[in-house]
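[1] Below: sequence and its predicted model.
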Protein chains: 2
Amino acid sequence: MREAYQLELGKLADDLAEMCAMVAGAMELATKALLEADLTLAEQVISGDERIDDARSACEEHAYALLALQAPVATDLRTVLAAIHAAESLERMGDLALHVAKAARRRHPSAVLPEPVRGYFAEMGRVAVSLAGKAESVIRTQDVAAARALEDADDEMDDLHRHLFTVTMDKDWAHGVASAVDITLLGRFYERYADHAVSVAKRVVFVVTGRMPGLGEEDL
Amino acid sequence: MREAYQLELGKLADDLAEMCAMVAGAMELATKALLEADLTLAEQVISGDERIDDARSACEEHAYALLALQAPVATDLRTVLAAIHAAESLERMGDLALHVAKAARRRHPSAVLPEPVRGYFAEMGRVAVSLAGKAESVIRTQDVAAARALEDADDEMDDLHRHLFTVTMDKDWAHGVASAVDITLLGRFYERYADHAVSVAKRVVFVVTGRMPGLGEEDL
């Protein structure tokens, strides 16, 4: 029984790690679509979102089966529930990548991003993808120290996000209100994506240590 | 066993209904704080958020105890898991009210909202509070038809949100970029709040009918 449980739990962790890789890929493509006003890439992210939703459903079904068949208690129970929460965060990360792709498509063939903020989004994209990759590796290795490193990367995202505000709100902003509105929402999508990645890693820390690190209020 | 389970499940539903009332109250006060640039109300929402977080933890603990002690299967299991998801959505609704209150505090004593959008936010606040109230009543009555009515109210929110964009993006917008950025984020907070309320109601429909209505992609 116990062995079967561990085996199933291992499979569930593999599903989650796979979801991390999927949402990292989605955000990487979405950012490229945004920076290069590339409609084909945007469409690829948009049509690919269903796969992420399906993966989340599969994770949940897997977790349900585990609960129903093994009726775990104590830490085992919390582990499975943490996995369900993590799958929800990962699906949400996929949705946020989808929003970025949709913004790129909405303005096509125009570029969404005026020159002064392109660098910010290239960086935010890089940090976002790296966070999802780190979450994947935390799930695969169950390395608690690595989970803590995600918070540093998330601080980097928060800094970028804050600076982005100072750029659009500057009195010398010359790209109009509509563009500032687009950028505000896009910035928020990246920042939320990063928060969810941190939350996934924290769930894994909880699974390993039995203690939940503080789920900090998002920085806004 | 079965009776004890039903009793516990009833208590869990009461906890969730109580959370609905809390987040409705938070959004009502936050909207008032925003419209009237009222710092005292804003502070009240900000300091009150902890109570909502605690209520969510209590719901989760309650659900965990139910799972561990009763080891429900099939529909019963899904019911408890739906409650855990609903509690998460409700905590998030509290966070979104908190963000509104923080925006009011950040700009105090200035008003965040220029005249042309005040009416939109008064309406969005009204719809948001009404959605949380409807979610509460769906939980208390388990009335599936009432749950469907939430979708209409959510459509109303989406319309308001969409129109809000046309106002700030209009070439005649005379209130500057910084204000448009504030309004963009605030509009998103209300729209997300409404989405979460709908998701709570859908979880209840699932609990009652055993079938999950489509969890529509948020409208953006």
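    Thanks, I have it. Residues are numbered from 1 along each chain as shown, chains lettered A, B, ... in the order given.

[2] give me every residue that touches the residue in chain A that chain B sits nearest to.
    Chain B sits closest to A:Ala71 of chain A, with a gap of 3.7 Å, by Cβ to the nearest Cβ. C-betas here are computed from N, CA, C, even on glycine. Neighbour list for A:Ala71: B:Ala71, B:Val73 [criterion: Cβ atoms under 8 Å, 6 or more residues apart in numbering or on different chains].

[3] quick one, phi psi at it?
    The phi/psi pair for A:Ala71 (degrees, to the nearest 10) reads phi 40, psi 60.

[4] Quick one: name the residues of chain A near chain B.
    With Cβ under 8 Å from any Cβ of the partner chain as the criterion, chain A comes near chain B at residues A:64, A:67-68, A:71, A:73-74, A:77-78, A:81, A:84-85, A:88, A:95, A:98-99, A:102, A:165, A:168-169, A:173, A:176-178, A:180-181, A:184-185, A:188, A:217-218, A:220.

[5] For ChimeraX, what selects the buried ones among those?
    Buried members of the residues of chain A next to chain B, defined by 16 or more other Cβ atoms under 10 Å in any protein chain shown, are picked up in ChimeraX with:
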select /A:64,67,71,77,78,81,84,85,88,95,98,99,102,165,168,169,173,177,178,180,181,184,185,188,218,220
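
[6] Please narrow the residues of chain A next to chain B to those residing in helices.
    Judged by DSSP state H, the residues of chain A next to chain B include A:64, A:67-68, A:74, A:77-78, A:81, A:84-85, A:88, A:95, A:98-99, A:102, A:165, A:168-169, A:176-178, A:180-181, A:184-185, A:188 as members of helices.

[7] And for A:Tyr5, the neighbour number?
    Number of residues near A:Tyr5 (other Cβ atoms under 10 Å in any protein chain shown) recorded here: 17.

[8] Run through the residues that contact it.
    Under the criterion of Cβ under 8 Å, 6+ apart, the contact list for A:Tyr5 reads A:Leu66, A:Gln70, A:Pro72, A:Asp76.

[9] Pipe these into JSON lines and attach neighbour count and pLDDT per row.
    Shown next, in JSON lines, are the contacts of A:Tyr5 (neighbours: other Cβ atoms under 10 Å in any protein chain shown; pLDDT from 0 to 100):
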{"residue": "A:Leu66", "neighbour count": "23", "pLDDT": "91"}
{"residue": "A:Gln70", "neighbour count": "18", "pLDDT": "88"}
{"residue": "A:Pro72", "neighbour count": "21", "pLDDT": "88"}
{"residue": "A:Asp76", "neighbour count": "19", "pLDDT": "85"}
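
[10] Show me the two of the residues you listed that sit farthest apart.
    A:Leu66 and A:Asp76 (9.0 Å; Cβ to Cβ).

[11] Touching both of these two, which residues are there?
    Common contacts of A:Leu66 and A:Asp76 (Cβ under 8 Å, 6+ apart): A:Tyr5, A:Leu9.

[12] mind checking pLDDT for A:Lys202?
    Confidence at A:Lys202, expressed as pLDDT, is 89.

[13] now A:Tyr120
    What the model reports as pLDDT for A:Tyr120 is 98.

[14] repeat for the one 10 residues further on
    Predicted confidence (pLDDT) at A:Ser130: the value is 97.

[15] do the same with A:Glu218
    A:Glu218 is assigned 40 on the pLDDT scale.
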